[in-house]
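coordinates only, sequence not included:
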């Protein structure tokens, strides 16, 4: 499926409006850029007159709208980012722009005039976030003012050209009932997850990229007792639980001088001093895992977060790798993990783009001290629910809580 661009394009690739060739619009843009003037109808009219072109009100406004796409927001990508249900917009050089709306990637008809236009947009967005993006620092990862996560890698590091990735924040939080209606989980699974939250069981939501981890975690946090204080720690602010007492902390990258960075690990430590009833790490991906495990072992019940993993069984190995990189010995990692975490909720995204809870699993410690994850309840795509021996351990854990 392809989606049409909001502007028609001339054969040269530069958008044309009101009968004006794209080359004329481009020359007007360059003239205004050289002057360093703030974009306005009067300046556009003057530039058109200097090009020997008509300056009727309709033409001036049409050119103004076209130029605004180049200097405001995300340029020609702005209409895509504002589409209902849009979660990701991906740019692979000037001639490939993809949209994700929950049903797989769609190639759109949006195009950039050339590689320079993609690079110019990337650098402007990076600059708006106080970051540097050039040949000396050819990649950037930041959050835009509206909450959109923006990542860019400049050519020639990237091929077929400068690559841009936009992760659009959810405008609203899905309820558990809505997730059931969407097929993310069944009624029985929803009831079990509600009980996990109610009994303050510590859990991680695992899954691959785009599997719906943040969406599910936001829905689960919305079920937390209204009298509890939730403290969120995130690399990029994405969690928006429907809860009346939420405090959010967000990490900060270094500025253009390479100073001022605030790591997620630092914020986890600060969160512990903020009297959290529920400590939540939006995504465990680095050294902060050691602080999170320590927090869950010091009376902070009901802690939770998300982690990238191909399966629930892979979670201990993933946490082990992250914690050992932070300097925690392997034996200490498994010891902390066994007493800190109770449950893993694993999500899977199939080839059609559908997201669903595939497994609720328990952490079990072997005689040798190593932690393994074993399924308690699994949910097949056809609706079949399978109960495994570890379901008894899950029931016991919920009863004790």
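On my side now, so go ahead. Predicted model, so just to flag it, every value in this text is computed and none were measured.

So in that sheet, which strands flank the strand ranked longest in the chain, and in what orientation?
Using DSSP state E to define each element, the chain has its longest strand at strand 355-365. Here strand 355-365 is paired, per DSSP bridges, with strand 343-349 (antiparallel), strand 371-379 (antiparallel).

Can you point out the buried residues in it?
For strand 355-365, a neighbour-count test (16 or more other C-beta atoms under 10 Å) marks 355-363 as buried. Backbone N, C-alpha and C define where each C-beta goes, glycine included.

Please convert those to CSV, extending it with distance to residue 311 and pLDDT.
What follows is the buried residues of strand 355-365, written out as CSV (distance: C-beta to C-beta, whole Å; pLDDT from 0 to 100):
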residue, distance to residue 311, pLDDT
355, 15, 88
356, 14, 93
357, 13, 96
358, 8, 95
359, 8, 96
360, 13, 97
361, 9, 96
362, 14, 95
363, 14, 93
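
Break this protein down into its domains, please.
Per the record, the chain has its domains at 1-72, 76-169, 176-400, by automatic domain parsing.

tell me how far the ends of the last one are from each other?
Going back to what we said before, that points to domain 176-400. In domain 176-400, first residue to last residue: 24 Å (C-alpha to C-alpha, to the nearest Å).

Near residue 92, how many other residues are there?
18 (other C-beta atoms under 10 Å).

Contacts only, for it.
98, 160-161, 163 (C-beta atoms under 8 Å, 6 or more residues apart in numbering).

List the beta-bridge partners for it.
Assigned bridge partners for residue 92, using DSSP bridges, are residue 163.

I'd like to know which of the contacts of residue 92 are part of strands.
98, 163.

Let me have the contacts of residue 92 in CSV, extended by neighbour count.
Putting the contacts of residue 92 into CSV (neighbours: other C-beta atoms under 10 Å) gives the following:
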residue, neighbour count
98, 18
160, 12
161, 21
163, 21
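
Most widely separated two among the contacts of residue 92?
Maximum pairwise distance among the contacts of residue 92 (C-beta to C-beta): 13.9 Å, between 98 and 161.

So what sits opposite the spatially most central residue of the chain in the bridge?
Centroid check for the chain by C-alpha atoms, centre = their mean gives residue 167 as the closest residue, at 4.9 Å. For residue 167, the beta-bridge partners under DSSP bridges are residue 88, residue 149.

got a list of what it touches?
The contact partners of residue 167, taken as C-beta under 8 Å, 6+ apart, are 87-88, 148-149, 236, 238.

most neighbours, which of these?
residue 238 (23 neighbours).

winner for burial among the strands paired with strand 355-365?
Among these, ranked by average contacts under mean count of other C-beta atoms under 10 Å, first place goes to strand 343-349 (a mean of 23).

Can you give the contact residues for that strand?
Residues from elsewhere that reach strand 343-349, judged by C-beta under 8 Å, 6+ apart: 184, 193, 196, 201-208, 210-213, 216, 309, 311-312, 315, 355-363, 373, 376, 394, 397.

Return the backbone torsion pair for residue 226.
Here is the backbone geometry of residue 226 (degrees, to the nearest 10): phi -60, psi -20.

Model confidence for the nearest residue to it once chain neighbours are set aside, exactly?
Nearest residue to residue 226 in three dimensions, chain neighbours excluded: residue 244, at 5.6 Å (C-beta to C-beta, 6 or more residues apart in numbering). For residue 244, the pLDDT comes out at 94.

repeat for residue 28
At residue 28, pLDDT is 68.

Please apply the same query to residue 288.
Confidence score, pLDDT, at residue 288: 81.

Neighbours of it, how many?
26.

All further residue positions should be reported with the first residue as 47.
Will do, 47 is the new start, and the previous item becomes residue 334.

Kindly provide the distance from the closest residue in space to residue 355 that isn't next to it in sequence to residue 403.
Sequence neighbours aside, residue 252 is the residue nearest to residue 355 in space, at 4.2 Å (criterion: C-beta to C-beta, 6+ apart). Separation of residue 252 from residue 403 (C-beta to C-beta, to the nearest Å) stands at 11 Å.

how about the strands in the stretch 297-446 of the chain?
For the stretch 297-446 of the chain, the strands defined by DSSP state E, counting those that start in this stretch cover 324-327, 350-354, 389-395, 401-411, 417-425, 431-433.

Of all these, which one comes closest to residue 187?
Of all the strands of the stretch 297-446 of the chain, strand 350-354 comes closest under C-beta to C-beta, at 15.5 Å.

quick check: angle from the closest one to strand 389-395?
40 degrees (axes from the mean of the first three to the mean of the last three C-alpha atoms, to 10 degrees).

List the contacts of strand 350-354.
Residues outside strand 350-354 that contact it (C-beta under 8 Å, 6+ apart): 248-255, 259-260, 263, 266-267, 324, 326-331, 338, 361, 364-365.

Ok, stretch 215-233 next?
Stretch 215-233 is contacted from outside by 133, 192-195, 236, 239-240, 258, 260-262, 264-266, 268-269, 283-284, 286-288, 393, 400-403, 425, 429, 431, using C-beta under 8 Å, 6+ apart.

the helices in the stretch 197-346 of the chain, which residues?
Ranges of helices in the stretch 197-346 of the chain, per DSSP state H, counting those that start in this stretch, are 222-228, 233-244, 259-267, 310-317, 334-342.

Could you provide those in TSV, with additional columns for distance to residue 160?
Shown next, in TSV, are the helices of the stretch 197-346 of the chain (distance: least, C-beta to C-beta, whole Å):
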stretch	distance to residue 160
helix 222-228	40
helix 233-244	49
helix 259-267	35
helix 310-317	38
helix 334-342	41
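
Pick out the shakiest of those helices, pLDDT-wise.
Out of the helices of the stretch 197-346 of the chain, helix 334-342 stands lowest, with a mean of 81 (criterion: mean pLDDT).

Please state the offset of the longest strand of the chain from the chain centre?
Relative to the chain's own centre, strand 401-411 is displaced by 22 Å; criterion: C-alpha atoms, centre = their mean, to the nearest Å.
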